[in-house]
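**Q** Got a sequence here, can you build the structure:
(chains A, B, C and D)
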Protein chains: 2
Amino acid sequence: MDPKSNPSISIREVAAAARVSVATISRVLNGKGPIHPDTRQRVLEVVAELGYVPHSGARSLSTRRTSSVGVILPDVYGEFFSELIRGIDLGAKRAGYHLLVSGSHSDPAEVDALIRALHGRVDGLIIMASTRNAGSIRIPPGVPAVFLGDPPTRGSHPSMRIDNSGGARAVAEHLLDLGHRRIAVISGPSENSDAEARLLGFRAALDARGVELDPEQLVSGDFREESGRAAALALTGRKERPTAIFAANDAMAIGCLSALRELGLSVPEDVALAGFDDVPIARYLSPPLTSVRVAIAEMGERAMARLLAGLEERGAEPLEETIPAVLVVRASTAGRKELPGTE
Amino acid sequence: MDPKSNPSISIREVAAAARVSVATISRVLNGKGPIHPDTRQRVLEVVAELGYVPHSGARSLSTRRTSSVGVILPDVYGEFFSELIRGIDLGAKRAGYHLLVSGSHSDPAEVDALIRALHGRVDGLIIMASTRNAGSIRIPPGVPAVFLGDPPTRGSHPSMRIDNSGGARAVAEHLLDLGHRRIAVISGPSENSDAEARLLGFRAALDARGVELDPEQLVSGDFREESGRAAALALTGRKERPTAIFAANDAMAIGCLSALRELGLSVPEDVALAGFDDVPIARYLSPPLTSVRVAIAEMGERAMARLLAGLEERGAEPLEETIPAVLVVRASTAGRKELPGTE
DNA sequence: CCGTCAACTGTAACCGGTTACACGTCGTGC
DNA sequence: GCACGACGTGTAACCGGTTACAGTTGACGG
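**A** Numbering: from 1, shown residues only, chains lettered A, B, ... in the order given. The predicted structure is shown next:
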C-alpha cells in the first residue's frame, strides 16, 4: 500500500479538530497557562480520540532540552558494562532522563563519530573511551560531558577513574603474602588504558618486594572469557607452571578458571586465581573468585550525578575523581601458609 | 559565570562567517548538490575553525528520520538483557542506527510512558514488555514496532517469542529420562509471561508422563540470583528433598547452585540442576549448567532486522516468529542411570 | 550575437512543537 | 458608568536544520 499510509498526526491537526489554536493544545498538554475547564475537556477528548502523541523531537528543538543523555562505552554488553549501565540508568531514571547508549568498539574515530551523531539529541554525554590515544576526541563547545577514565585533554572535563593501580597492587601484595612467587599475569588489550594501569601497578608492587615478573609468565588477553581460556592453556603448558594467576579482569578469570578445571587443576590448591572488577557473578563461581571491587554501578551513578550537576550550573570547574578499588578475598586464593617458592 | 556561556553554534552563524547561504553549508556538509571547490574549501575551513557540529535533532525534524530506534526492556542489565542488547546493537550498527534503550521495570504504565517519550526521537521501537496485562500498551499510529513476546493486540505488530513451553518440556523430559521423580521448580515472577509459559510447559510435560508437580516443591522467585539462593534454602529445608531442580532462568540457577554448594550438597550427585536461557557464563560454572539455549543475541538481531524491514515497506503483514529453545545438557544434570524414585 | 543549458548559489517555506505578546471579555471597585 | 486586572485564547516568531524553486553567471552552439 501507500508507504506513508499512517503519517503521524501533528499538533495543528489536533488544534483544527478541537477548534482551538495550537497554543491551547500545547498548554493543555503541558499544564501551563490558564485553561477553561470546558476547553481542556474538549482538547483531551480530541487528543484521546485521535491518539495524538506529541513529537518529542520537535519539542526538544524549541525547548532546547532533550531530557536524555548519551552514553558512549567501548561495548554495550558483558558483565562489566552491563553493571555500569545499570548505575547510569539508575541515576538517569531518578532525574527523569533517558539514555542513548552506543558502543564504540574502543575506536577513537568511532567515538568521535558518535559524539557528532549525538549532538543535538542529548543534553550531555558520559564517555568511556578506554583507549590511550583518545586525544583525537573532540567535544562540541557547550556540550557538558563526563569522562570515565582519561579525558582527551587534562582538566577540560570532569572525569572519574578507577584506582586500577591501587587495586592491582593490593592483589599483588595479597598473593605475595600468601607465599606465591611464581605469579603469572593475564593482561588486557595493550591499547586499553585500564589494562595498562593494572599491569603497571601489579608489576610495581612485585618489584617493590623484590619479585620480578617473568616475561614468560605474562600473557595478553582481550578482556573476554575466551582469551582467559587460551591464556590458561598457554600458561599451564610451560615448563614452570605458575602457582598463582592474576587476570586483569573477571571475564578472563572466569575463562581461565573453567580451563583450569578442565585441565584437572584445582583452584586454589594447584593454582590460585584472582580477577579484577568484582562483577556480580564472581561470588557465585566455584570457588568464589577473589577480585577487586570497584563499585561499577556506583561509578555509573556518580558519573550521571556529576553530569546532571554540570547541566545545572556550568560554572563548576571540572573535578577529577578516583573511585577506590578494594581487594575482596574469596576462596579462589584461599590461604596456604607456605608455598615452595621459586627462589 | 554566564550559565549559557558557550551556546552551541548554528548553521546560520557558520553561513555568515563563510559568507555563503545556509543552503550551501548544508550542501557541503551532506555532499549533496554541486559545489564549487573553492566554496567547499572555504566552508570546511570555517566549519573546522568554529568547531561547528550540526544539530542532529533539528536535522531529523526536517528529514523526518532519526537514524535511531528505541529499545524498551524490562531491565537494561544482567546477563540476559545484556546479551539481547548485544544482538540488537549488532543489527543496529550494521544498518547505521543508534539505540535508545530504557528499562521499564516490567511496569506496563512505564512502558507506555516510554513509548510516548520516545515518539519523534526514534524511527521505530523494539519492545519487550514481559508482562501479562500488556494490553494497556499503545503504539502511536504510524510508528513501526516489533515486540519480543506478546504484542498488546494479537496481529497488530510483528513479534518474536521464545519457545518457552518447548524448552521447559525438553528439560522435564530430560530429567525424567534420568530417573528423577521428585523434581522441584523455582518459577519466575507470576506476572511475567515467559515465566508463566515455562512453568506451564514444564508441568504439562510431567503430567504427560504421569508425574505430578508437588505444590510443596514449587517455589517462586523473581528471576534474580538472590531468589535462587532463597529457593535452594527453602527446598532443602523440607522433609522430602528433591533430587532435581529446574530453575526458570539461569540467574536463579546460579544463585541456587551457589547455595547448594554452601550447604554441602554436590551437583549433580546430590541434586541435579537445570536452568533456562543459556547465558554466556552458564558453561563456565562448575559444574557447567544444563540449560535451554535460546540464541538471545540472535533474537535481538532478528528483531532489529524485522524492524528495519518494516521501516522500508510498511505493507508487510505482521509476522509472528517463534525462536526455538533447545536443551543443552551439561554436567549439572550428568547422567545417573537409576535413582530411587518416589514411587 | 543570442538562446540554451549547466553549474553554482541564495531565498524562503517547512518539519512540529513552544511561548512572548496581543487581544478580547468579564467581574469588580469606586 | 468606567477603568482595570484577571482570565482565556489566538497569532506568529522561533528552535536549527533541509530542500524546492528561483535566480545568476558563463560556456557554447548556431
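
**Q** Report the helix or strand with the lowest average pLDDT across chain A.
**A** Sorting the helices and strands of chain A by mean pLDDT, DSSP states H and E puts strand A:98-103 at the bottom, at a mean of 89.

**Q** A:Ser291 looks like it's in a strand, true?
**A** Yes. Counting by DSSP: H, G, I helix; E, B strand; the rest coil, A:Ser291 is located in a strand.

**Q** That one - how many residues pack around it?
**A** Neighbour count for A:Ser291, taken as other C-beta atoms under 10 Å in any protein chain shown: 30. (C-beta placed from N, C-alpha, C; glycine too.)

**Q** How about A:Leu233?
**A** A:Leu233: 15 neighbours (other C-beta under 10 Å).

**Q** Contacts only, for the closest residue to A:Ala129 other than its chain neighbours.
**A** Leaving out its chain neighbours, the residue that sits closest to A:Ala129 by C-beta to C-beta, 6 or more residues apart in numbering or on different chains is A:Val111, at 5.5 Å. By C-beta atoms under 8 Å, 6 or more residues apart in numbering or on different chains, the residues touching A:Val111 are A:72, A:104, A:127, A:129, A:134, A:137.

**Q** Show me what the least confident helix or strand of chain A is in contact with.
**A** A:67-77, A:85, A:88-89, A:92, A:114, A:118, A:121-122, B:68, B:76, B:89, B:93, B:98-102, B:114, B:117-118.

**Q** Which neighbours in the sheet does it have, and how are they oriented?
**A** strand A:68-73 (parallel) (DSSP bridges).

**Q** now the next helix or strand along the chain from the partner strand against helix B:78-95, angle please.
**A** Sequence order places helix A:78-94 as the next helix or strand after strand A:68-73, per DSSP states H and E. Counting by axes from the mean of the first three to the mean of the last three C-alpha atoms, to 10 degrees, helix A:78-94 lies at 90 degrees to helix B:78-95.

**Q** packing partners for helix A:78-94?
**A** Contact partners of helix A:78-94 among helices and strands, from 3 or more C-beta pairs under 8 Å, 6 or more residues apart in numbering or on different chains; DSSP states H and E: strand A:68-73, strand A:98-103, helix A:250-262, helix A:296-312, helix B:78-95, strand B:98-103.

**Q** CSV for these, including distance to A:Ile281 and mean neighbour count?
**A** Shown next, in CSV, are the helices and strands packed on helix A:78-94 (distance: least, C-beta to C-beta, whole Å; neighbours: other C-beta atoms under 10 Å in any protein chain shown):
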stretch, distance to A:Ile281, mean neighbour count
strand A:68-73, 20, 27
strand A:98-103, 21, 24
helix A:250-262, 8, 25
helix A:296-312, 13, 20
helix B:78-95, 8, 22
strand B:98-103, 20, 24
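
**Q** To B:Asp278, which of these lies closest?
**A** helix B:78-95 (9.5 Å; C-beta to C-beta).

**Q** CA atoms of the closest one as CSV?
**A** The C-alpha trace of helix B:78-95 is given here as CSV (Å, rounded to 0.1, in the frame of the first residue of the first chain):
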residue,chain,number,x,y,z
GLY,B,78,22.0,-8.7,33.8
GLU,B,79,23.3,-11.5,31.6
PHE,B,80,20.1,-12.0,29.6
PHE,B,81,19.3,-8.4,28.6
SER,B,82,22.9,-7.6,28.1
GLU,B,83,23.1,-10.4,25.6
LEU,B,84,19.9,-9.2,24.0
ILE,B,85,21.2,-5.7,23.7
ARG,B,86,24.3,-7.0,22.1
GLY,B,87,22.3,-8.6,19.3
ILE,B,88,20.2,-5.6,18.8
ASP,B,89,23.2,-3.3,18.8
LEU,B,90,24.9,-5.5,16.2
GLY,B,91,21.9,-5.2,13.9
ALA,B,92,21.6,-1.5,14.5
LYS,B,93,25.2,-0.7,13.9
ARG,B,94,25.2,-2.6,10.7
ALA,B,95,22.3,-0.5,9.4
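
**Q** Might you calculate how far it sits from the centre of the chain?
**A** Distance of helix B:78-95 from the chain centroid (C-alpha atoms, centre = their mean, to the nearest Å) equals 8 Å.

**Q** In the stretch 201-343 of chain A, what residue spans correspond to strands?
**A** Under the criterion DSSP state E, counting those that start in this stretch, strands of the stretch 201-343 of chain A are mapped to A:218-220, A:244-247, A:272-274, A:291-293, A:320-323, A:326-328.

**Q** looking at these, which is buried most?
**A** Comparing these by mean neighbour count (mean count of other C-beta atoms under 10 Å in any protein chain shown), strand A:244-247 ranks first with a mean of 31.
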